[in-house]
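Asker: Let me see the structure of the following:
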Amino acid sequence: MPEPSYGNKLVTYIDILGFSDLITRNQDDASKPSAVLLALRLASDEVTGVSPYPEANPEDFFHFATFSDHVVRSTDVRDPAKLADVVAWEFYRLALCQLSLASGLEDPFDPSSAPNPVLIRGGICVGKLFFLEDRRTVFGPALVRSHELESQEAIFPRIVVDRGLIRQSRELGCDTELGCHVCLGEDGAYFLDYLVSASLVNLQRFGVPESNITIQTHRRMIENEIAKDNSEKRDERTKHKHRWLALYHNRAVERLDKELRNRYKAANVLGTAASLKVSEGLLDS
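Answerer: Sure thing, here's the model as predicted:
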């Protein structure tokens with residue numbers, strides 16, 4: 001048996017927020033933990049679409065492990081020059097995953113498929129990781145770093161991107177790709193701009209009407225949670241989380257509108273951007 005060794009990986013550590021409440025709410029649902037399994041599956045599955053290694057099956061370069069409310073995702077970076085392809089592949093999947101979970105949808109275009117909105121928080125970096133194929137043994141510096149990003153820097157429902165990964169991607173000339181997937185928070189942390197990233201891909205695949213549905217569903221989720229914050233007298237930490245989401249949503253809509261104006265040289269590609277935003281009056285309540 002060959003000596004085990006670290007591999008160079010793109011590593012994402014995900015924490016499913018409110019996991020215990022998700023289990024409690026669904027424990028009597030026909031004795032099937034469907035919502036819990038759905039959340040774990042969406043957070044774990046490999047991406048469909050263009051692969052960074054077209055000649056290989058995803059199981060040859062992508063692995064994941066789940067334990068309680070945590071998911072570790074790992075994608076091989078076999079050649080430093082392939083980092084940009086790996087990043088694009090992982091960020092695209094994470095964006096769709098985060099949007100689908102936050103909107104409560106198994107199918108982002110079918111509102112009837114909503115079991116529960118699920119928020120996630122995480123960290124993503126590139127580095128050394130040992131991942132045994134049985135998925136029961138995983139450790140390494142990249143896991144430590146991605147967990148630090150999740151636990152110490154994410155704070156809000158966002159996936160924080162390590163600055164080292166940002167730097168390496170820019171050195172490979174990936175500024176345009178980063179601009180579509182990542183934004184800089186007011187606290188100086190880079191994080192996955194999932195609403196913009198997923199919406200740009202969905203616009204290309206499905207067109208404006210379907211893309212607007214996903215944005216509106218995300219907005220309604222936030223509005224519903226803020227209304228519950230007030231009616232159920234939730235703690236301030238929970239309220240702060242949902243108001244951060246509302247501000248993120250509105251700024252993402254503005255970024256998306258600006259990006260589409262630049263791409264298509266036309267105004268109001270999505271319609272009236274204001275109609276897709278969370279009401280400012282709700283934020284003041």
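Asker: how about the strands of the stretch 51-200 of the chain, start to end?
Answerer: Using DSSP state E, counting those that start in this stretch, the strands assigned to the stretch 51-200 of the chain run over residues 62-67, 70-76, 120-131, 138-139, 159-161, 182-184, 190-192.
Asker: Tell me which of these sits most buried.
Answerer: strand 159-161 (a mean of 28; mean count of other CB atoms under 10 Å). Glycine gets a C-beta too; all of them are placed from N, C-alpha and C.
Asker: What's the mean pLDDT across that one?
Answerer: Averaging pLDDT along strand 159-161 yields 97.
Asker: what packs against it?
Answerer: strand 120-131, strand 190-192 (3 or more CB pairs under 8 Å, 6 or more residues apart in numbering; DSSP states H and E).
Asker: Show me which helix runs longest in this protein.
Answerer: In terms of residue count, the longest helix belonging to the chain (DSSP state H) is helix 236-264.
Asker: avg pLDDT for it?
Answerer: 88.
Asker: same thing with stretch 186-194?
Answerer: Across stretch 186-194, pLDDT averages out at 95.
Asker: can you list the helices and strands packed on strand 159-161 in CSV and add distance to residue 103?
Answerer: CSV is the format used below for these (distance: least, CB to CB, whole Å):
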stretch, distance to residue 103
strand 120-131, 12
strand 190-192, 16
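Asker: check contacts around residue 43.
Answerer: 14, 16, 66, 71, 73, 97, 101, 120 (CB atoms under 8 Å, 6 or more residues apart in numbering).
Asker: right, and residue 100 touches residue 42 too?
Answerer: Yes: Residue 100 is within contact range of residue 42, at 5.8 Å (criterion: CB atoms under 8 Å).
Asker: ok, the two, which is more surrounded?
Answerer: Higher neighbour count among residue 100 and residue 42: residue 100, with 25 against 20, using other CB atoms under 10 Å.
Asker: before we move on, the earlier item: how about the longest helix of the chain: buried residues?
Answerer: Across helix 236-264, burial judged by 16 or more other CB atoms under 10 Å covers 239, 241-246, 248-253, 255-257, 259-260.
Asker: Next SSE downstream of that helix?
Answerer: Following helix 236-264 in sequence order, the next helix or strand is helix 280-283 (DSSP states H and E).
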